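Chemist: predicted model and sequence below, questions to follow.
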Amino acid sequence: MATQLKNLSDFSHTTVPNGTAYKFAIAVAEWNAEITGSLYNGALKTLLAHGVLADNILSIAVPGSFELTSAADILLNKHEELDAVICLGCVIQGDTKHFDFICDAVANGITQLSIKHSKPVIFGVLTTNDLQQAIDRAGGKHGNKGDEAAITALKMAELSAIA
Ligand SMILES: Nc1c(NC[C@H](O)[C@H](O)[C@H](O)CO)[nH]c(=O)[nH]c1=O
Ligand SMILES: CC(=O)[C@@H](O)COP(=O)(O)O
């Protein structure tokens, strides 16, 4: 499994841009809140640790991961100054195919949104078979996907600035 080869929180501080000049939004799904809360805390801590000003981080909650795409679209339409939007969620397989539809909708929706706005929209959504896999990736043995999402946002904001 790829994550077993790379800890989600493993990154070199020397390769992460300083975020003082950048403005970010974080959209967090309320489903599986004990997991998404950990993802959010990881992302926030990582942004602040790399110089992002607290006043330059706009955070909102949405009911579920399916709503992350529309929330990011609303944020990008209303706040043109944003350099990137981080979308955080946790989708856990249930008894039906609902999992597949949500995961596909969010992944494809976020991808299309990033292209529509020419702004980085970061896919920080766990899509796991069970709760333990989510725990392992939200500050557990495989690190925190919120950290990874924040690092990605910083790198993409820098890329957008220098490209
Ligand atoms: N089962 C999970 C959901 N389901 C809710 C959807 O995301 C959505 O809010 C609903 O279908 C109404 O549009 N959401 C998660 O984030 N994680 C899940 O495991
Ligand atoms: C991903 C989901 O929506 C899922 O948790 C819902 O569970 P079920 O498929 O058993 O209805």
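Modeler: In hand now; what should we look at? Residues are numbered from 1 along each chain as shown. Ligands and ions are numbered 1, 2, ... in the order given.
Chemist: give me the mean pLDDT for the longest helix belonging to the chain.
Modeler: When secondary structure is assigned using DSSP state H, the longest helix within the chain turns out to be helix 98-117. Confidence for helix 98-117, expressed as mean pLDDT, is 98.
Chemist: what's the offset of that helix from the middle of its chain?
Modeler: 13 Å (CA atoms, centre = their mean, to the nearest Å).
Chemist: stretch 145-155 too?
Modeler: The chain centre lies 7 Å from the centre of stretch 145-155; the measure is CA atoms, centre = their mean.
Chemist: part of a strand, is Gly139?
Modeler: Yes - remark: Gly139 belongs to a strand, assigned using DSSP: H, G, I helix; E, B strand; the rest coil.
Chemist: do I have it right that it meets Ser38?
Modeler: Yes - in this structure, Gly139 is within contact of Ser38 by CB atoms under 8 Å, at 4.6 Å. Any C-beta I mention is one placed from the backbone N, CA and C, and that applies to glycine too.
Chemist: buried ones in the longest helix of the chain?
Modeler: 99, 102-103, 106, 109-110, 113-114, 117 (16 or more other CB atoms under 10 Å).
Chemist: so which of those residues is the closest to ligand 1?
Modeler: Ile102 (5.1 Å; CB to the nearest ligand atom).
Chemist: could you redo the buried residues of helix 98-117 as CSV and give each row distance to ligand 1?
Modeler: Supplementary listing: these in CSV, determined by distance: CB to the nearest ligand atom, whole Å:
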residue, distance to ligand 1
Phe99, 7
Ile102, 5
Cys103, 9
Val106, 8
Gly109, 11
Ile110, 13
Leu113, 16
Ser114, 19
His117, 22
